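>>> below: sequence and its predicted model.
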Amino acid sequence: MPRPLGELEDAVMTRVWKWNRPVTVREVLEDLQQERSIAYTTVMTVLDNLHQKGWVRREAEGRAYRYEAVSTRAAYAAALMNDAWSQSDNPAAALVAFFGMMSEEQRRALQDAVRIVQGPPVENPDSATRDGGR
């Protein structure tokens with residue numbers, strides 16, 4: 001299970017995930033500087049740390065690197081939820097409490113996700129034979 005990203009790691013990864021392409025330290029820096037004062041070396045260190053932790057892969061381009069996400073934000077969120085859920089002494093109660101916190105829109109998204117995971121309904125061949133034989 002990945003540990004939760006720190007505030008600055010999350011800010012950097014948000015850009016990497018949003019852009020969905022290999023990025024340079026300079027690109028991330030320039031975008032972050034629209035929100036905060038931050039040094040090039042700080043962004044470089046954060047991206048290097050994210051690389052060491054396995055969140056991004058990097059490829060040399062001249063004297064610099066291009067960084068790309070190893071997985072999606074959705075996969076990260078799912079891993080965090082799974083870890084939190086697995087630490088509960090009562091997983092069913094934890095899910096009920098979690099569902100109770102959801103908005104109606106989130107519940108609909110959950111229902112859609114369950115339908116996708118379950119796939120199309122499969123007819124039971126035994127029941128079809130029994131019912132069809134009458």
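Noted; the coordinates are in hand. These numbers come from a predicted model, not from an experiment.
>>> could you use CA atoms for every contact and neighbour count after this?
Fine.
>>> show me where this protein dips below the pLDDT cut-off.
1-2, 125-134 (pLDDT under 70).
>>> in it, which spans are strands?
56-61, 64-69 (DSSP state E).
>>> parallel or antiparallel, which strands does the first one pair with?
I take that to be strand 56-61. strand 64-69 (antiparallel) (DSSP bridges).
>>> from the chain's centroid, how far away is the strand it pairs with?
With C-alpha atoms, centre = their mean, to the nearest Å as the basis, strand 64-69 stands 19 Å off its chain's centre.
>>> now stretch 78-89
Distance, centroid of stretch 78-89 to centroid of chain: 14 Å (C-alpha atoms, centre = their mean).
>>> tell me the buried residues in that stretch?
Within stretch 78-89, the residues scored as buried using 16 or more other C-alpha atoms under 10 Å are 79, 80, 85.
>>> I'd like those residues as JSON lines, with distance to residue 10 appended.
Formatted as JSON lines, the buried residues of stretch 78-89 follow (distance: C-alpha to C-alpha, whole Å):
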{"residue": "79", "distance to residue 10": "15"}
{"residue": "80", "distance to residue 10": "13"}
{"residue": "85", "distance to residue 10": "22"}
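>>> which one of the strands of the chain lies closest to residue 13?
Of all those, strand 64-69 sits nearest to residue 13, with 7.7 Å by C-alpha to C-alpha.
>>> in that closest one, what counts as buried?
Buried residues in strand 64-69 (16+ other C-alpha under 10 Å): 65, 66, 67, 68, 69.
>>> circling back: the strands of the chain into CSV, with extra columns for distance to residue 114?
Conversion of these to CSV gives the following (distance: least, C-alpha to C-alpha, whole Å):
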stretch, distance to residue 114
strand 56-61, 29
strand 64-69, 26
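>>> would you list every one of the helices in this structure?
7-19, 25-32, 40-52, 73-86, 91-101, 104-118, 125-132 (DSSP state H).
>>> can I get the ones you listed in CSV with distance to residue 61?
CSV is the format used below for the helices of the chain (distance: least, C-alpha to C-alpha, whole Å):
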stretch, distance to residue 61
helix 7-19, 17
helix 25-32, 12
helix 40-52, 14
helix 73-86, 25
helix 91-101, 45
helix 104-118, 39
helix 125-132, 58
